[in-house]
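Q: here is my input, please return the structure:
(chains A and B)
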Amino acid sequence: MSAANMTPVGARTRPGALGRLRQFPTITYIGLVLAVAAIAVGIIGPRVAPYPIEKMHVDAILQGPSQQHLLGTDRLGRDVLSRLLAGSRVSISVGLLATLFAGVVGIALGLVAGFYGKWVDEVVMRVMDMLMAFPYIVLAMALVAVIGPGLSNIVLVIGIVRLPQFARLTRGAVLAVKELEFITAARSVGATSLRLVLRHVFPNVLAPIFVISSLSIATAINTEAALSFLGLGITPPMSSWGTMLADGRSNLRDAWWVATFPGIVISLASLGFNLLGDAVQDLLDPRIAKRTGR
Amino acid sequence: MLTFLLRRIVATLPALLGVTFFSFMLLYLAPGDPTSIILGMEWSPERATQLRKDLGLDLPIAVQYLSWLGRVVQGDFGLAYVSREPVLKMLIDRLPDTLALSAGAMFCAVMVAIPLGSVSALRKDSWVDTISRVVAVLGISMPVFWFGMLLILLFAVVLRVLPPGGGIDQYGLKALILPSVALGMSLAALLTRITRASMVEVLQLDHIRTAKAKGLKQWRIVFKHALKNALIPVVTVLGLQSGYLLSGAVLTETVFSLPGVGRLLYTSILNRDYLVLQGATLFVCLAMVAINLAVDFVYAAIDPRIRYA
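A: Sure thing, here's the model as predicted:
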């Protein structure tokens, strides 16, 4: 018997990286594949589109799926597949950029509020409470009404709407971490506040932030679609999955494909980021990790 | 209990004040001059100056805010720019449709989520569980307005059994079926996950093991002993999701042309009627804050640990 096989009875072996990867449920891989595919389509989509997005095929207006137009054409004879591929860049960009904005600003506010406490914490958290008192779409619509539609404004609006989630989560995590002994030890050897926050506190709150970022991208993609559907989001000539849905609404009776395919794509992209966030959340939950042996 | 109530109300005040300030600033920051929207073709510099004076728009912003807040507290939300109707009356007229839609959506959500979440927990890690979890996440990921459009396509266009849109006064309760299902399904997705998680935890408790040891039938264990306990977090989440329902109502009412508060808010943006937008935003937020407070009180009444936390 080789030494490698002489594991004591009852002892648990620690699986390698590949082994740990195999322990993830299939649903995690589905989420990962969908999320990566959404980002990949966002990057290369416009380049591989079979037709220019504004090209009107006057002889093929509202034509159903066919060999020439795999997902059909819209009321102006534009190829639905090409528009979906081109629109993916806008929709995915909004999802990622709005989450990035909410993440950077929210995490900074959460770190400052949690670490310094007192009146700084009070002011920051009361503003976050105020933002959270609004139903998210109502807040987004009200802000768009003031600053106007358009790509950068939509990123800003969705970022503001998502900001409190990041700030609250980070603040909570900082409060939990800052009283731990290693922080006291770092402080006692003369670490500055900035160093404490960036080197010791921030890395410890990264994991839950990753979860909320993934879920936030899904929400941001959906919110952009909702605002564009209402005519308050992306404005022509730019198009996103949401504007395509709005376009397809008027032809729902005669041409189901115009609105159906963008809806499927939004749902799948959003599903991917939601599943990914869920999987990481499960992974971080010690109770679930213990049950599944991770 | 009284101390808890007072403490919660006081804790809500800063957020409430913030909400009123934001709603007030909406009108102040909105693009365009209110006088040009109100006067339209009759606009002239003299009339505009007079109107600005009449509306108090020439006063310092702090004075304007306090005077507006004073009027709002007395129920005066002002007159709509376009229809010249009192904004509060417009909101109250449209409230029944929104409330009926929210109630219908909650009903649909509960009817789907509790059985599906319970079955999922009882058959944990089986194919039923996997399918129910995927359906739940898909329900959260699917845009509510798109799902609404698919329902219109199927039930109103293809099968022609339900109206594609319209209010209760036009089609009666039939008008509420499709919007309630559309809005309810995304809420059902969330509730299914909560029910499953809560049920899985409750099924592992000692009193369930005792019930099994006594030889009770499974349906009796589930309905009489497990579900009752498992439903506490579900009820809480249901209450706290009021904001989500109000968000969804804006989109659902727009897709189904249901004349509720959400649709009023949307049309106010299209018409650039910022006084209605201001009133509707404030109204929706106050409703949300009030519902959250009510949920807290009910929960504190049920579970005394919360009062002393």
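Q: name the residue of chain B with the shortest distance to chain A.
A: At 3.0 Å from chain A, residue B:18 is the closest residue in chain B, using Cβ to the nearest Cβ. In this view, the C-beta of every residue, glycine as well, is placed from N, C-alpha and C.
Q: and that residue, its phi and psi?
A: When read as degrees, to the nearest 10, the backbone of residue B:18 gives phi -60, psi -40.
Q: now the spatially closest residue to it that is not a sequence neighbour: how far from residue B:259?
A: Nearest residue to residue B:18, sequence neighbours excluded (Cβ to Cβ, 6 or more residues apart in numbering or on different chains): residue A:130, at 3.0 Å. Counting by Cβ to Cβ, to the nearest Å, the gap from residue A:130 to residue B:259 is 29 Å.
Q: got it, and residue A:82?
A: 38 Å.
Q: ok, these two, which is more surrounded?
A: residue A:82 (23 against 20; other Cβ atoms under 10 Å in any protein chain shown).
Q: wait, a helix at the more buried one?
A: Yes. Checked against DSSP: H, G, I helix; E, B strand; the rest coil, residue A:82 lies within a helix.
Q: show residues contacting stretch A:68-88.
A: A:38, A:41-42, A:45-46, A:48-66, A:239-241, A:243-244, A:247-248, A:250-251, A:255, A:257-258, A:261-262, A:265 (Cβ atoms under 8 Å, 6 or more residues apart in numbering or on different chains).
Q: identify the residues contacting the residue of chain B closest to chain A.
A: Residue B:18 touches A:126, A:127, A:129, A:130, A:133, counting by Cβ under 8 Å, 6+ apart.
Q: report the distance from stretch A:202-211 to the chain centre.
A: 15 Å (Cα atoms, centre = their mean, to the nearest Å).
Q: please put the alpha-carbon coordinates of it into PDB.
A: The C-alpha coordinates for stretch A:202-211 follow below in PDB (Å, rounded to 0.1, in the frame of the first residue of the first chain):
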ATOM      1  CA  PHE A 202     -11.300  46.100   2.400                       C
ATOM      2  CA  PRO A 203     -10.000  42.700   1.500                       C
ATOM      3  CA  ASN A 204     -12.200  41.200   4.100                       C
ATOM      4  CA  VAL A 205     -15.400  42.600   2.600                       C
ATOM      5  CA  LEU A 206     -14.600  41.700  -1.000                       C
ATOM      6  CA  ALA A 207     -16.500  38.300  -1.000                       C
ATOM      7  CA  PRO A 208     -20.000  39.600  -0.200                       C
ATOM      8  CA  ILE A 209     -19.300  42.600  -2.500                       C
ATOM      9  CA  PHE A 210     -18.700  40.100  -5.400                       C
ATOM     10  CA  VAL A 211     -22.100  38.500  -4.700                       C
END
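Q: tell me which residues of it come out buried.
A: By 16 or more other Cβ atoms under 10 Å in any protein chain shown, the buried positions in stretch A:202-211 come out as A:202, A:204, A:205, A:208, A:209, A:211.
Q: that one - what's its average pLDDT?
A: Stretch A:202-211 shows a mean pLDDT of 81.
Q: pLDDT weak spots in the stretch 151-294 of chain A?
A: A:284-294 (pLDDT under 70).
Q: before we move on, the earlier item: next step: the buried residues of stretch A:202-211 restricted to helices.
A: Among these, the residues falling in helices (DSSP state H) are A:202, A:204, A:205, A:208, A:209, A:211.
Q: list, one by one, the residues from the stretch 1-150 of chain B near chain A.
A: B:14-16, B:18-19, B:22, B:26, B:29-31, B:130, B:133-134, B:137-138, B:140-143, B:145-147, B:149-150 (Cβ under 8 Å from any Cβ of the partner chain).
Q: where are the low-confidence patches of chain B?
A: B:243, B:302-309.
Q: any idea which residue is closest to the centre of it?
A: residue B:246 (2.3 Å; Cα atoms, centre = their mean).
Q: which residue is the nearest non-sequential neighbour of it?
A: In space, residue B:246 is closest to residue A:135, 4.3 Å off (Cβ to Cβ, 6+ apart).
Q: which residues sit in contact with that neighbour?
A: Here residue A:135 is in contact with B:243, B:244, B:246, B:247, B:250, B:284, B:285, B:288 (Cβ under 8 Å, 6+ apart).
Q: mind redoing it with 7 Å?
A: B:243, B:246, B:247, B:284, B:288 (Cβ atoms under 7 Å, 6 or more residues apart in numbering or on different chains).
Q: okay, and which of the residues you listed map to helices?
A: Using DSSP H, the contacts of residue A:135 in helices are B:243, B:246, B:247, B:284, B:288.
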